[in-house]
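In: Here's my sequence, what's the structure:
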Amino acid sequence: MAKPSEFADLGHVIEQQKSPKSSATIDAQLEEILTDALSIIRQELGMTIGFIAQFSGGRRVIKVSDTSENKPVLKVGDSDLLENTYCQRVVDGRFPNLINDALTFPDARELQITAELSIRAYASAPVCFSDGEVYGTFCCFSTEEGKDFEEKDLAMLSVFAQFTGRQIEKVQRRHAASNRLSHQVRSIIDNGLICPVYQPICDIRENQIIGYEALSRVDVEPYEPPNIWFAAAQAVGLQAEMEISAITSALSNLDQIPEDCYVSVNVSPETLSHPSFLDHLSRFPLDSVLVEVTEHADVDDYQLFNDQLKELRARGVQLAIDDVGAGYSSLRHILELKPEIIKLDRSLITEIDKRFDLRSMAQALIGFATDMSINIIAEGIETEEELRLLDELGVIKAQGYFLGKPASIDQLQRN
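Out: I've put the predicted structure just below:
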């Protein structure tokens with residue numbers, strides 16, 4: 001059995017990852033926010049240098065810095081042994097948060113770093129996460145003279161340190177969730193946990209199966225619908241790899257599909273454009289393959305997309321636009337891509353025998369397809385009444401639970 005998913009609410013995690021901002025952009029924005037906060041507190045306290053430090057591997061590492069000096073004595077990336085710094089002593093209570101003048105504070109005056117950085121007045125507060133873990137410190141110091149700190153100075157410094165901890169924790173949690181999600185999706189791909197099932201596509205006039213749509217099930221517990229896992233793959237930049245894995249898994253059973261039947265596979269424009277996509281498909285008899293592009297998929301450059309389709313079509317692959325009628329994009333897809341097939345979305349089919357508006361919309365699309373010599377497949381048929389009405393409208397090909405449920409290749413062989 002596949003290992004359990006690491007996420008209690010996978011959908012929520014995916015939504016967090018869907019931001020178009022890259023990790024580098026998020027980190028840069030965080031640094032800008034914290035630099036502004038550091039500059040405000042440094043100037044408010046009348047200090048020369050401000051920095052936010054992380055404790056890592058027994059060292060203090062400067063993550064953000066701000067200064068009024070032309071040649072700063074501390075820069076981002078600078079690192080010192082924690083034990084040699086004020087930061088460690090403030091966190092463990094050996095030094096107070098506020099030191100009016102290090103030259104009159106014996107324990108501080110004796111530290112080598114005091115002379116190295118010319119520290120006089122010093123203010124520091126721990127930066128902590130919500131669970132109490134110490135990330136590091138939020139600090140400012142003066143290289144020119146001492147200062148008489150007031151109680152409000154520590155209160156203000158502590159607020160900024162708390163704000164810093166919250167912002168850093170938020171970004172770190174997002175990065176950690178992205179890494180875990182990426183690992184989970186990678187595991188699904190590498191371990192072959194995408195299992196194909198096949199739903200029959202029927203000629204309702206001849207009462208025979210003419211093809212199968214390959215759908216996916218992801219063998220991970222607890223179960224999540226496949227669209228959730230494909231959304232996860234897209235969120236972490238593994239969409240093409242996951243789709244290609246699903247497609248090659250589905251087409252690997254072509255030799256067990258009746259010779260007079262085709263297999264349709266779902267693919268996004270991004271995956272179809274992937275350099276290795278055609279190489280993977282070329283392992284199979286492509287005149288038995290139908291590629292379905294969803295109505296919801298965005299196509300940024302139709303000319304480029306058509307160029308990418310040319311070689312597939314030259315090898316016998318046919319194109320279908322899926323989910324037609326579910327939104328506005330499908331009509332442009334049809335006009336620009338000139339598919340051999342359009343598939344009417346189930347939202348047009350459910351209760352079409354009872355709703356005049358659905359019947360009129362379907363009839364218009366069927367008429368358009370007939371004029372353009374495009375074949376129609378109606379999806380989502382669940383009742384005899386829906387099937388009968390579609391037959392009256394001139395639909396010949398259809399699929400849905402009423403005609404056949406998705407089944408594994410082993411189940412197909414037994415039937």
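In: Just the pLDDT for the most centrally placed residue in the chain.
Out: Among the residues of the chain, the one closest to the centroid is Ala235, at 1.1 Å (Cα atoms, centre = their mean). Looking at Ala235, its pLDDT reads 86.
In: Please apply the same query to Gln16.
Out: At Gln16, pLDDT is 61.
In: cool, Met1 as well?
Out: Residue-level pLDDT assigned to Met1 equals 53.
In: Also Glu6?
Out: 66.
In: Which positions within stretch 100-107 qualify as buried?
Out: Of all the residues in stretch 100-107, those buried under the rule 16 or more other Cβ atoms under 10 Å are Asn100, Asp101, Ala102, Phe105. C-beta: built from backbone N, CA, C; applies to glycine.
In: Ok, stretch 193-210 next?
Out: Buried residues in stretch 193-210, defined by neighbour count with 16+ other Cβ under 10 Å: 193-202, 204, 209-210.
In: what two of the residues you listed have the greatest distance between them?
Out: The distance between the two most remote of the buried residues of stretch 193-210 (Cβ to Cβ) is 35.0 Å, for Leu193 and Ile204.
In: Show me the buried residues of stretch 193-210 that map onto helices.
Out: Assigned to helices by DSSP state H, none of the buried residues of stretch 193-210 qualify.
In: what residue ranges in the protein score low on pLDDT?
Out: 1-22, 327-330, 415 (pLDDT under 70).
In: Tell me which residue of it is furthest from the middle?
Out: Greatest distance from the centre of the chain, by Cα atoms, centre = their mean, belongs to Thr104 (54.7 Å).
In: helices or strands next to the lengthiest helix in the chain in the packing?
Out: Determined from DSSP H, the single longest helix within the chain is helix 151-190. With contacts taken as 3 or more Cβ pairs under 8 Å, 6 or more residues apart in numbering; DSSP states H and E, helix 151-190 sits against helix 10-17, helix 23-45, strand 122-128, strand 134-141, helix 226-235, helix 239-251.
In: Could you tell me which residues within it count as buried?
Out: For helix 151-190, a neighbour-count test (16+ other Cβ under 10 Å) marks 153-154, 156-157, 160-161, 163-165, 167-169, 171, 174, 177-178, 181-182, 184-185, 188-189 as buried.
In: One more: stretch 115-126?
Out: Leu117, Ile119, Arg120, Ala121, Tyr122, Ala123, Ser124, Ala125, Pro126.
In: out of those, what pair is the most spread apart?
Out: Greatest spatial distance among the buried residues of stretch 115-126 (Cβ to Cβ): Arg120 and Pro126, at 21.8 Å.
In: Kindly provide the distance from the nearest residue to the residue farthest from the centre of the chain once chain neighbours are set aside to Gln308.
Out: Of all residues not flanking Thr104 in the chain, Gly146 sits nearest, at 7.2 Å (Cβ to Cβ, 6 or more residues apart in numbering). Distance of Gly146 to Gln308, computed by Cβ to Cβ, to the nearest Å: 69 Å.
In: ok, now Ser268?
Out: Separation of Ser268 from Gln308 (Cβ to Cβ) stands at 12 Å.
In: what does Thr164 give?
Out: Using Cβ to Cβ, Thr164 is found at 47 Å from Gln308.
In: With Val218 instead?
Out: Applying Cβ to Cβ, the value for Val218 to Gln308 is 27 Å.
In: Between the two, which is the more surrounded one?
Out: The residue with more neighbours, out of Val218 and Gln308, is Val218; 22 against 16, by other Cβ atoms under 10 Å.
In: now that one, which residues is it bridged with?
Out: Assessed by DSSP bridges, Val218 has beta-bridge partners Ile194.
In: Over to Gln318?
Out: Going by DSSP bridges, Gln318 forms beta bridges with Leu290.
In: Return the residues in contact with it.
Out: Counting by Cβ atoms under 8 Å, 6 or more residues apart in numbering, Gln318 touches Tyr262, Val289, Leu290, Val291, Pro339, Glu340, Ile341.
In: For these, give me CSV that also has neighbour count and distance to Ser347.
Out: Listed next are those as CSV, based on neighbours: other Cβ atoms under 10 Å; distance: Cβ to Cβ, whole Å:
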residue, neighbour count, distance to Ser347
Tyr262, 20, 25
Val289, 23, 26
Leu290, 23, 21
Val291, 24, 22
Pro339, 25, 19
Glu340, 15, 23
Ile341, 22, 18
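In: Specify which member of those is nearest to Glu69.
Out: Val291 (61.9 Å).
In: For Lys343, see how far away that closest one is.
Out: When Val291 is compared with Lys343 (using Cβ to Cβ), they lie 12 Å apart.
In: So for these two, which residues contact both of them?
Out: Jointly contacting Val291 and Lys343 under the rule Cβ under 8 Å, 6+ apart are Ala320.
In: Quickly list the domain ranges of the protein.
Out: 10-176, 192-414 (automatic domain parsing).
In: Need the max-distance pair from the buried residues of stretch 100-107.
Out: Maximum distance among those (Cβ to Cβ): 8.7 Å, for Asn100 and Ala102.
In: Now do the shared contacts for these two.
Out: Common neighbours of Asn100 and Ala102 (Cβ under 8 Å, 6+ apart) are Ala121, Gly146.
In: contacting residues for Ala398?
Out: With Cβ under 8 Å, 6+ apart, Ala398 has these contacts: Ile201, Cys202, Ile204, Ile377, Ala378, Glu379, Ile381, Leu387, Leu390.
In: With Ile209 as the reference, measure out to it.
Out: Taken as Cβ to Cβ, the span from Ala398 to Ile209 is 11 Å.
In: same deal with Met242?
Out: For Met242, the distance to Ile209 - Cβ to Cβ - is 28 Å.
In: And the strands in the stretch 251-400 of the chain, which stretches?
Out: For the stretch 251-400 of the chain, strands defined by DSSP state E, counting those that start in this stretch occupy the ranges 262-266, 289-294, 318-324, 341-344, 375-378, 397-398.
In: Understood, closing this out.
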